[in-house]
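*Asks:* Here is my input; please provide its structure:
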Amino acid sequence: MQAISILMELGPIMEQLQLDGLYSWFDGYVEPYLDTDQEGAGNIRLKIDHTRKVCEVMALLCEGENLSSGETRIALAVALLHDVGRFPQYRRWRTFRDSESDNHARLAIEVIRKENLLVGLDPTEQLLIEEAVRFHNLLELPGKFRSPDQLFIKLIRDADKLDIWRVFTELQNLPPHQRASAATLGFADLPEVVSAACLDSLAAGTIVRLDSVRTLNDLRLLQISWAYDLTCATARKILLERGYIPALAAPLPEREDIGTAVSAALTSLAAISA
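*Replies:* This next block holds a predicted model:
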């Protein structure tokens, strides 16, 4: 992936002071959502921490992909704002499952516009940020975009996955009563159960669909299948270095078909990263 030159054609580029202002806004925006019961506060804190970690990963991706300082500031703004829809989503529906509430990316755009967060930026720059937020959670990207380049869309999709892997591998090592309840999306923890549709998708080298997931093991297969969806060489390198795929696979049943599918994902990832 190469940095784009479109920013060279824009007017004033986001300054560090503007990015710092977004960080300050975020801290103030999320604070009231913590004023709830213990379970709810734990789930909200999970998303606050996730956002901050996605920003950290995004900085690594920008450095690894040799983005300019202006491009990096835009990418960090996308990382900061990509999940702001999660907070009103959880307050209203008490879940992070979009299928049981509303598309959290669409809700994020509502928050961005209601709060006038991008006022003062060049219109093209606003569009780059909004489209990256809007499309960060899609299974497949649309065929057409309004923004002139998809660099920031690809970066946030990779950064988001990298931290979701972190969150889930850390949570699965905790006793069930200590896990943030919304993080597992309500799927049953059935240690020996794997849905055939999920395993077939992973074995075929395709992304497991969330609507085929029935258990936590299925959710693990879905997240392992994301290895096929990374677009950034730096993201693939980080994924291999942090060992998230083996960690996700560890609790799965010890079956040859599962082991073969997981190994294929790792082999493909390593081959692309070589």
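
*Asks:* Okay, and the spatially most central residue of the chain sits in which element?
*Replies:* By CA atoms, centre = their mean, the chain has its centre lying nearest to D160, at 2.2 Å. Here D160 sits within helix 151-172, counting by DSSP states H and E.

*Asks:* Quick one: name whatever helix or strand follows that helix.
*Replies:* Once helix 151-172 ends, the next helix or strand along the chain (criterion: DSSP H and E) is helix 196-203.

*Asks:* List of residues touching that next one?
*Replies:* With CB atoms under 8 Å, 6 or more residues apart in numbering as the test, helix 196-203 has contacts from 207-209, 212-213, 218, 221-222, 224-225, 257-258, 260-262, 264-265. No exception for glycine: its C-beta is placed from N, CA and C like everyone else's.

*Asks:* Next step: the residues you listed restricted to helices.
*Replies:* Using DSSP state H, the members of the contacts of helix 196-203 that fall within helices are D218, L221, L222, I224, S225, D257, I258, T260, A261, V262, A264, A265.

*Asks:* Looking at these, which is nearest E31?
*Replies:* Ranked by distance to E31 (CB to CB), the ones in helices among the contacts of helix 196-203 are led by L222 at 32.1 Å.

*Asks:* and the closest residue to the closest one other than its chain neighbours, what does it touch?
*Replies:* Leaving aside its sequence neighbours, L222 sits nearest to V208 (CB to CB, 6 or more residues apart in numbering; 3.9 Å). Residues near V208 by CB under 8 Å, 6+ apart: C198, S201, L202, D218, L221, L222, S225.

*Asks:* 6 Å instead?
*Replies:* Residues near V208 by CB atoms under 6 Å, 6 or more residues apart in numbering: C198, S201, L202, L221, L222, S225.

*Asks:* cool, and D98?
*Replies:* Contact partners of D98, counting by CB under 6 Å, 6+ apart, are H104.

*Asks:* measure it to L248 for me?
*Replies:* 21 Å (CB to CB, to the nearest Å).

*Asks:* about what we covered before: so which of the ones in helices among the contacts of helix 196-203 is the closest to Y33?
*Replies:* L222 (26.9 Å).

*Asks:* what number of residues lie near the closest one?
*Replies:* Counted by other CB atoms under 10 Å, the residues lying close to L222 total 19.

*Asks:* and it, what pLDDT?
*Replies:* Here, the pLDDT recorded for L222 equals 97.

*Asks:* what does the one 5 residues further on give?
*Replies:* Per-residue confidence for A227 comes out at a pLDDT of 96.

*Asks:* cool, and P175?
*Replies:* For P175, the model assigns a pLDDT of 76.

*Asks:* Now for V54: which residues touch it?
*Replies:* A79, A159, D160, D163.

*Asks:* Nearest spatial neighbour of K161, chain-adjacent residues omitted?
*Replies:* Nearest non-adjacent residue to K161, counting by CB to CB, 6+ apart: W226, 5.0 Å away.

*Asks:* Was I right to think the one you found contacts L162?
*Replies:* No: counting by CB atoms under 6 Å, W226 stays clear of L162, with 9.4 Å between them.

*Asks:* which one of the two has more residues nearby?
*Replies:* L162 (26 against 22).

*Asks:* show me where pLDDT drops low in the chain?
*Replies:* For the chain, the stretches flagged by pLDDT under 70 are 1-12, 177-178, 180-183, 271-274.

*Asks:* can we see that at 80?
*Replies:* The chain contains residues with pLDDT under 80 at 1-13, 143-144, 147-149, 174-185, 270-274.
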